[in-house]
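[1] whatever this is, show me its structure:
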Amino acid sequence: MIEYKRNIGLYVLLALLLAFFVFLGSGCSADPPATTAATVPATEASEAILPTTSLIPSGESASAADSSAAPTETEAQTTETTTLPPKTTTSAPPETTEAPLPPEILLLGDSDMELRDDELFLEPGFSAWDAQGNSLTQQVELEIDALPGAPHCYQYRYTVSDAAGLTAEAYRIIRWQDTHPPELILLGDAHMTLEYNQDFRDPGARATDVFDGDLSDIIQVEGSVDPHQTGRYTLTYSVTDAQGNTASLSRTVVVKEAPPPTTAAPPETTAAPPATQPATQPATQPAPGGSRIVYLTFDDGPFIYTERLLNILARYNVKATFFITAFSPEHAYLIGRAASEGHTIGLHTASHRYNEIYQSEEAYFRDLSIIADLYRRQTGQEPWLIRFPGGSSNTVSREYNAGIMTRLTRAVQERGYRYMDWNVSSSDSATWMSPDTVFQNVIRGISGRDMSVVLMHDLKEHTVNAIESIIQWCQNNGYTLLPITYSTPDVHHNVQN
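    This next block holds a predicted model:
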């Protein structure tokens, strides 16, 4: 009996080991089932492991065998199938390097501006900095381009680069309203006189518009001249730009009366004067001063010192030449006064800003038209004389447009202007200069010259303070002081751009 029970215990142990290995094989499978495994009842587990009858020795009851072979509650729990969660592997995120930030540009003022065509564009300003906050404002570059398909509109493009080569851009749109008529200039004299039967050839006119360019081909002429009929004739020239602004000028032509028919002269009956009577000779007047001419010219005004300068010139009855700007609108009335007192007025551009006027020919003439309009309002006359800021030989214009001075010197003459440089400089631009230094520079420059065009600036107080001494020296040393006129010989520099 003892041996029988020992064998029963051995069978139970083997069954438990078998169940354990089955558990390991099902619960630790590499591919667990998708559904949750059901718990196998203890009785089913034992039946699956041992047949209940074949292992019962003879002489024992089934109940005894069941009681001895059935697993305990703890053993039954060990037979439950447990599903382990699938193994997951977590990979570390890839290392990322942040892209460097580009610089930034901040435009002050509006990014879309509308101006009248007689209004100057004054840059509202801008700021630029890199990603570290270092200022790049001084490195900002500006390009100006006309917008295609948008008349009178320009795009101002601001760009800047940082030390890493990263760039930033900003844009401003400027729209000019075309409210002014074209500039119409008569070629030849506005008042002409013809001999009877003399052929008349109309000298014509020239028209340009700030925005539309050369309009000479569309000038309309009303009226005609009959050189075979004595009388006074009027020719009216008119031109209209694309915006409907019209300009007109008139020319007067007088045809003289026909000469009387010629007849034979009667025989001379008057006795000849005695041989001792001297013949009457026309009186001749010597030219004032000496044969050497000095043209005093003043750039950049009118300014606060211009009125005192005009008073000094009037005191000595000296006429000079002024190349005007629009720096000081409150002194613009002095342009009219200077013209009425016999001084010559030339144009020097409205803004005198190299970086704007020398960007393109269009930019130059747009600026020039503003000061030309001011000249017309103050004098009632048409401008004909100009001086380039920096002179025609300036090289600063290379920074903005290669070759522009070569083109501009031709273009201004094609539009009917004359440009005048200088051959004597007072070098008065320095603020530290004294009146005596200005005086010495001028006297040294004109000495030995037959014709001198002197460059000075009426916005410099030390220059105005030196004028009286310069006038006195010239008058005492045989020089004639004159304003520039149509008959003044050109003084042109060698163009360097």
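[2] and the strands in the stretch 201-350 of the chain?
    For the stretch 201-350 of the chain, applying DSSP state E, counting those that start in this stretch gives strands covering 205-209, 213-214, 220-222, 231-240, 246-255, 292-299, 321-324, 344-347.
[3] could you say which of the ones you listed is packed most deeply?
    Stretch with highest mean neighbour count among the strands of the stretch 201-350 of the chain: strand 321-324 (a mean of 26; mean count of other CB atoms under 10 Å). Backbone N, C-alpha and C define where each C-beta goes, glycine included.
[4] for that one, packing partners?
    In terms of contacts (3 or more CB pairs under 8 Å, 6 or more residues apart in numbering; DSSP states H and E), strand 321-324 is packed against strand 292-299, helix 333-340, strand 344-347, helix 361-379, strand 385-386.
[5] mind doing that once more with 6 Å?
    In this structure, strand 321-324 packs against strand 292-299, strand 344-347, with contacts taken as 3 or more CB pairs under 6 Å, 6 or more residues apart in numbering; DSSP states H and E.
[6] could those strands be laid out in a markdown table, adding mean pLDDT and distance to residue 360?
    Output for the helices and strands packed on strand 321-324, formatted as a markdown table (pLDDT from 0 to 100; distance: least, CB to CB, whole Å):
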| stretch | mean pLDDT | distance to residue 360 |
| --- | --- | --- |
| strand 292-299 | 97 | 23 |
| strand 344-347 | 97 | 18 |
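[7] out of those strands, nearest to residue 188?
    strand 344-347 (20.3 Å; CB to CB).
[8] could you check the angle strand 292-299 makes with the host helix or strand of residue 463?
    Element membership of residue 463 [criterion: DSSP states H and E] is helix 461-476. Here the directions of helix 461-476 and strand 292-299 differ by 170 degrees (axes from the mean of the first three to the mean of the last three CA atoms, to 10 degrees).
[9] isn't residue 251 up against residue 234?
    No: with contact defined as CB atoms under 6 Å, residue 251 does not reach residue 234; the gap is 7.3 Å.
[10] what about the helices in the stretch 301-450 of the chain?
    All helices of the stretch 301-450 of the chain, identified by DSSP state H, counting those that start in this stretch, fall at 306-315, 333-340, 354-357, 361-379, 404-414, 435-446.
[11] buried stuff in the longest one?
    Burial within helix 361-379, assessed by neighbour count using 16 or more other CB atoms under 10 Å, is assigned to 361, 363-375, 378.
[12] helices and strands around that helix, which ones?
    So helix 361-379, by 3+ CB pairs under 6 Å, 6+ apart, packs with helix 333-340, helix 354-357.
[13] out of the ones you listed, nearest to residue 392?
    Between the helices and strands packed on helix 361-379, helix 354-357 lies closest to residue 392; by CB to CB that is 13.3 Å.
[14] next one: the closest one to chain centre, how far?
    Mean-position distance between helix 354-357 and its chain equals 8 Å (CA atoms, centre = their mean, to the nearest Å).
[15] was I right to think residue 458 contacts residue 301?
    Yes: using CB under 6 Å, residue 458 is in contact with residue 301, at 4.0 Å.
[16] of the two, which one has the most company?
    More neighbours surround residue 458 than the other of residue 458 and residue 301, with 30 against 26 (other CB atoms under 10 Å).
[17] state the distance from residue 229 to residue 202.
    17 Å (CB to CB, to the nearest Å).
[18] settle it for me: which of these two has more neighbours?
    More crowded of residue 229 and residue 202, by other CB under 10 Å: residue 202, with 16 against 11.
[19] which residues does that one contact?
    Shown in contact with residue 202 (CB atoms under 6 Å, 6 or more residues apart in numbering): no residues.
[20] show me what the residue nearest the centre of the chain is bridged to.
    Among the residues of the chain, the one closest to the centroid is residue 144, at 4.1 Å (CA atoms, centre = their mean). In this entry, residue 144 is beta-bridged to residue 156, by DSSP bridges.
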